[in-house]
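>>> below: sequence and its predicted model.
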Amino acid sequence: MRSDLLIVGAGPVGLSTAFALAESGLSCLVVPASPTDQRPGLPKEVEVTAPAVDWLQPGLVNRLQARSRRLWMEWMVRLAQETGVDLGYSRLGLLLMGQAVAAAPDELDPVWEQVMPAHCEPRLSCAELHGLFNRSFSQVRHDRLTHSLRLALRTRGVPLLDDHHAAAIDITGNVAPGVYLEDESYLQADAIILAAEGDNSQLLYDSSLEALDLPSPRAHHLLFNPGSQLLKHVVGTDDLVLVPQPDGRLLVIDTDSADHYGSEDEALDMLLTRAANRLPALSRFDLQYHWLAPLPGHEGGRPMLGLYPHLRNLWVNAGHFRNGLDIAPAMAELLAEHLQGGPGFPSLAVSLSSRD
């Protein structure tokens, strides 16, 4: 089988890339990067939200997020109309406390307003007298968005090879002419786009290529099921992010790397104590799930978009760090523009783990 553009990765980043390319009139095909590419290791229908705080992240990420927000508003309307899928869009609002508030610039964007945290979220145990609240902070249901993207791609004639996954990228000199699948079949393409956030390291290793310089620390995630919503808004503190779920569950994310602790049992005990101290009502409910996953919005993350070093047609769209939905449309549109002869993106250069 042959295609003009072969996208390796069938998660939000890969699907967004395919959608942007299809919208630009480019022909592409999507194949998962691994058997688990579409089944990430987290409980069903859990929304992992990475709060975006402009003054705590690079300006580049802010610009990508701003461009993506504009695109998402256009895409969501069209996706809902075309596919009939309710994307579950909701404005949750974001309450910030602690060092993020102390580090805020004197002149803030008007979307932020000063509040007393205890008045904004009465169930919280708040020693802080000052907080910042962004009522426009919103999210969509990731599972529904992924489903609608897949339906829209099929409508546009973009093949999704769900029954296969990439096993290795074929490298001949300075060209990647195709990809081998797990059944030893072969996909040939003019260009290959690696758009798999969590699965690219193994694929590159199996292709005898160096890994990307993408440190992705893992963080502990705790999921509670109190039966009704304990919080109305996403809450970001110095050591925790609290994310209310659409079904009433509550996700607690540790903002420290998992390597910060000793044993897993020690980490769990400490986190349960910290979560209950911040939200005392949690002490009445049992923990439903505990797992490790990439730390959302990892501050050391740097988006990468460009050619893999020394290869003429292997493109990399990575470095989203669980912010895939925040910056994926902008990254995909930039790539589509470049493939059609538009300007480059030198600030998004691809670097390898073995290079300085």
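Received, thanks. Being a predicted model, the structure only gives us computed values, none of them experimental. Numbers count the residues shown, from 1 in each chain.

>>> and the helix or strand hosting residue 60, how far from the chain's centre?
Using DSSP states H and E, residue 60 sits within helix 59-83. In terms of CA atoms, centre = their mean, to the nearest Å, the centre of helix 59-83 is found 14 Å from the chain centre.

>>> hmm, who's touching that helix?
Contacts to helix 59-83, defined as CB atoms under 8 Å, 6 or more residues apart in numbering, come from residues 19, 52, 54, 85-87, 89, 140, 145, 147-149, 151-152, 155, 301-303, 323, 325-331, 333, 347-348. To be clear about C-beta, it is placed using only N, CA and C from the backbone, and glycine gets the same treatment.

>>> packing partners of the next helix or strand after it?
Once the chain leaves helix 59-83, the next helix or strand it forms, by DSSP H and E, is strand 90-91. With contacts defined as 3 or more CB pairs under 8 Å, 6 or more residues apart in numbering; DSSP states H and E, strand 90-91 has these neighbours: strand 138-139.

>>> from the contact counts, what lies against the strand it packs on?
strand 90-91.

>>> roughly how far is the strand it packs on from the heart of the chain?
18 Å.

>>> report the strands that pair with it, each with its relative direction.
strand 138-139 (antiparallel) (DSSP bridges).

>>> just the mean pLDDT for the partner strand, thanks.
What strand 138-139 shows for mean pLDDT is 83.

>>> what's the answer for stretch 48-58, then?
80.

>>> which SS state does the closest residue to residue 103 other than its chain neighbours fall under?
Computed as CB to CB, 6 or more residues apart in numbering, the closest residue to residue 103 that is not its neighbour in sequence is residue 55, at 6.3 Å. Here residue 55 is helix, with the state taken from DSSP: H, G, I helix; E, B strand; the rest coil.

>>> pretty sure residue 55 sits against residue 102.
No. Shown here, residue 55 and residue 102 do not form a contact pair, counting by CB atoms under 8 Å, at 10.9 Å.

>>> between the two, who's got more neighbours?
residue 55 (13 against 10; other CB atoms under 10 Å).

>>> contacting residues around that one?
So residue 55 contacts 103-105 (CB under 8 Å, 6+ apart).

>>> and if you look at residue 196?
8-9, 11, 13-14, 32-34, 37, 203, 318.

>>> between those residues, which sits nearest residue 23?
Within these, the smallest distance to residue 23 is 15.0 Å, found for residue 14 (CB to CB).

>>> least confident secondary structure element in this protein?
strand 138-139 (a mean of 83; mean pLDDT, DSSP states H and E).

>>> contacts for that one, please.
Contacts of strand 138-139 (CB under 8 Å, 6+ apart): 47, 49, 89-92.

>>> among the contacts of residue 196, which are in helices?
13-14, 203 (DSSP state H).

>>> who wins for neighbours among the residues you listed?
Counting by other CB under 10 Å, top hit in the ones in helices among the contacts of residue 196: residue 14 with 30 neighbours.

>>> quick check: that residue touching residue 194?
No. Taking contacts as CB under 8 Å, residue 14 lies outside contact range of residue 194: 9.1 Å.

>>> overlap of the contact sets of those two?
Joint contacts of residue 14 and residue 194 (CB under 8 Å, 6+ apart) are 8, 33.

>>> and the nearest residue to residue 99 once chain neighbours are set aside, what pLDDT?
Distance criterion CB to CB, 6+ apart; nearest residue to residue 99, sequence neighbours excluded, is residue 238 at 5.3 Å. pLDDT recorded at residue 238 is 90.
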